[in-house]
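S.K.: How does the following fold in three dimensions:
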Amino acid sequence: MGLIHIELFTTLDLVGQAPGGPDEDPEGFPFGGWQVPLFDEVSGGQIAASYEGTDALLLGRRTYDIFAAHWPQQEGGQDDDIATLFNRIPKYVASRGTPDLSWAGSTQLGPDLVAAVHEIRDRHEHVKVVGSLNLVQTLLRERLFDRLNLWVFPIVLGVGKKLFDGGAVPTNVTLLAPPVASPTGTVHLSYGLAEGTPSTGDMNNPSERGAGRND
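M.R.: This is a model prediction of the structure:
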């Protein structure tokens, strides 16, 4: 069985809407492209490294449309490595509509999304979910992910779609590597899904402090 990796860019107040440009998801959102001024070589290298070994993409409809319009034209350019990878591997699209599947290797998933994701996980080793906030809510709710990679950018927007917007359920995760900060203050956090649900305690009882999971 393969791994489902969720890759997300977020602000300090957990807004994940339209990080890459003003046209990604403009409805009611004035800060499209908020990630761009804070992007640096360190975070860029982390993002590129995170795609090593990827053998499939799992995308929501809006993110798929953005990628399908962009990546086929990027081979030979500055982002050739990622473009070549994305254009070569299978793309799975979660959509209730009728997306244009002309991007080579694209397949629309059936109405039973949970079953379809299980099949994809059985078929591939490393499946990346990029952006796709609506799809992410379903994956969080169903605990259908294995890795959660967050790049937290040092800004607060106060508006916009949130990463954990109605989909999150009580879930334990474990830190897979020490957090790494870039020169602009962006922090990369890498978590893995863990067993069980969060425990509680009382800070007035010293014996309960730090008595959580021993991952």
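
S.K.: Paired strands for whichever strand in the chain runs longest, with orientation please.
M.R.: Identified as the longest strand of the chain according to DSSP state E is strand 3-11. With DSSP bridges as the test, strand 3-11 is paired with strand 126-130 (parallel), strand 147-153 (parallel).

S.K.: From D25, how far out is A177?
M.R.: Per CB to CB, to the nearest Å, A177 is found 30 Å from D25. Bear in mind the C-beta positions are built from the backbone N, C-alpha and C, glycine included.

S.K.: now swap in F164 and tell me
M.R.: For F164 relative to D25 (CB to CB), the value is 17 Å.

S.K.: cool, and K128?
M.R.: 19 Å.

S.K.: which of the two has more neighbours?
M.R.: Neighbour comparison, K128 and D25: the larger count goes to K128, with 24 against 21 (by other CB atoms under 10 Å).

S.K.: For V169, see how far away the more buried one is.
M.R.: Note on K128: its distance to V169, by CB to CB, is 22 Å.

S.K.: Verify the stated contact: V36 with G20.
M.R.: Yes: if you go by CB atoms under 8 Å, V36 and G20 touch, sitting 7.0 Å apart.

S.K.: OK, contacts around T197?
M.R.: 170-172 (CB atoms under 8 Å, 6 or more residues apart in numbering).

S.K.: right, I mislabeled it, should have said V159
M.R.: Residues near V159 by CB under 8 Å, 6+ apart: 15, 28-31.

S.K.: Buried among these? Need that as a selection in PyMOL.
M.R.: This is how PyMOL selects the buried members of those, with burial counted by 16 or more other CB atoms under 10 Å:
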select buried, resi 15+29+31
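
S.K.: now the contacts of V159 in TSV, with distance to G196 and pLDDT?
M.R.: Below are the contacts of V159 laid out as TSV (distance: CB to CB, whole Å; pLDDT from 0 to 100):
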residue	distance to G196	pLDDT
V15	29	96
G28	38	84
F29	36	93
P30	40	95
F31	37	96
